[in-house]
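K.L.:
Sharing a model that was predicted from the sequence below.
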Amino acid sequence: MGRRLKFNIFRYNPQDTDSRPHTDTFSLEETDSMTLFIALTKIREEHDPSLQFDFCCRAGICGSCAMVINGRPGLACKTLTKELPDEITLMPLPVFKLIGDLSVDTGTWFRATNEKIGSWIHTNAEYDPDAHEEKMDNALAEEIYELERCVECGCCVAACGTANMREDFLGAVAVNRIARFMLDPRDKRKDRDYFEVIGTDEGIFGCMGLLACEDVCPKELPLQDQLGIIRRKMGWTAVKQLFRLK
């Protein structure tokens, strides 16, 4: 017989004028290899069908099931209950617009951010369907892929102290995306073009260096490394401009 788990789950429906933020408590028997996603599904199926939370892939790929788990942002589908105490408190991610209960709208935030930083390859080359695929060095392709593994779950944004205080802060995810395009030889933007977008207190200079973004990233992306690299690149670009170096 497994442990008896106590779940304290945040409940609130902003679209219901009679709804008020509160916490509901549920009890479940723990089963082998139980994840929070499985537990929430059982609660919805066996206790309260109105419980709102997001899911899609159940494999840590889509990022939909991100929530605050005992005070720490994480993915419900990747979090095993055996790694948690008997009492588990689940809250929605901060920063993002609340849809209901544990469900938040990360899509609108990420779309606006991606549009602001120009999160696509910028090139004047015309598409030729008959052209051969452009070759890329394997080491460079792997370096780009490392940064492409972001699933836009929002955990890094929710854990960021600056993002929780400032709506205009782009956050580690935007810095990571900029770093990815700076590596891509197909993108024809210059370093100064990137710096105009990210080289402000809304970007790399707004970070307080708390390392929370990298600490909670479910894909273990080197977010702080990229921040440091871009800061150094921007500093070196300024030095070259000052002394008219090429």
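P.N.:
Thanks, I have it.
K.L.:
looking at it, residue 173 is touching residue 114, isn't it?
P.N.:
No. Look at residue 173 against residue 114 with C-beta atoms under 8 Å: they stay out of range, at 9.3 Å. For every residue, glycine as well, the C-beta is placed using N, CA and C.
K.L.:
Could you check which of the two has the larger neighbour count?
P.N.:
residue 173 (27 against 15; other C-beta atoms under 10 Å).
K.L.:
Can you verify the more buried one is assigned to a strand?
P.N.:
No. According to DSSP: H, G, I helix; E, B strand; the rest coil, residue 173 belongs to no strand; its state is helix.
K.L.:
gap between the spatially most central residue of the chain and residue 215?
P.N.:
The geometric centre of the chain, computed from its C-alpha atoms, lies nearest to residue 154 (C-alpha atoms, centre = their mean), at 2.9 Å. Using C-beta to C-beta, to the nearest Å, we find residue 154 at a distance of 15 Å from residue 215.
K.L.:
Do me a favour and average the pLDDT over the top helix by length along the chain.
P.N.:
For the chain, the helix with the greatest residue count under DSSP state H is helix 223-242. The average pLDDT within helix 223-242 is 84.
K.L.:
do the same with stretch 112-126
P.N.:
93.
K.L.:
Export only the CA atoms of it, formatted as CSV.
P.N.:
Provided in CSV are the C-alpha atoms of stretch 112-126 (Å, rounded to 0.1, in the frame of the first residue of the first chain):
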residue,chain,number,x,y,z
ALA,A,112,4.9,38.9,-27.9
THR,A,113,8.5,38.2,-26.8
ASN,A,114,9.4,36.3,-29.9
GLU,A,115,8.0,39.2,-32.0
LYS,A,116,9.9,41.8,-30.0
ILE,A,117,13.3,40.0,-30.4
GLY,A,118,12.6,38.9,-34.0
SER,A,119,12.8,35.2,-33.3
TRP,A,120,13.3,34.0,-36.9
ILE,A,121,16.1,33.9,-39.4
HIS,A,122,16.6,37.3,-41.0
THR,A,123,17.8,37.0,-44.6
ASN,A,124,17.3,38.6,-47.9
ALA,A,125,17.9,35.4,-49.8
GLU,A,126,15.0,34.3,-52.0
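K.L.:
Domains in this structure, by residue range?
P.N.:
According to automatic domain parsing, the chain is divided into the following domains: 4-104, 118-242.
K.L.:
Could you identify which of those has the lowest mean pLDDT?
P.N.:
Checking each of the domains of the chain, the one with the poorest mean pLDDT is domain 118-242, at a mean of 91.
K.L.:
Just the terminal-to-terminal distance for it.
P.N.:
Domain 118-242 has an end-to-end distance of 27 Å (criterion: C-alpha to C-alpha, to the nearest Å).
K.L.:
Likewise for stretch 209-222?
P.N.:
End-to-end distance (C-alpha to C-alpha), stretch 209-222: 13 Å.
K.L.:
of the domains of the chain, which approaches residue 110 most closely?
P.N.:
Among the domains of the chain, the nearest to residue 110 by C-beta to C-beta is domain 118-242 (5.0 Å).
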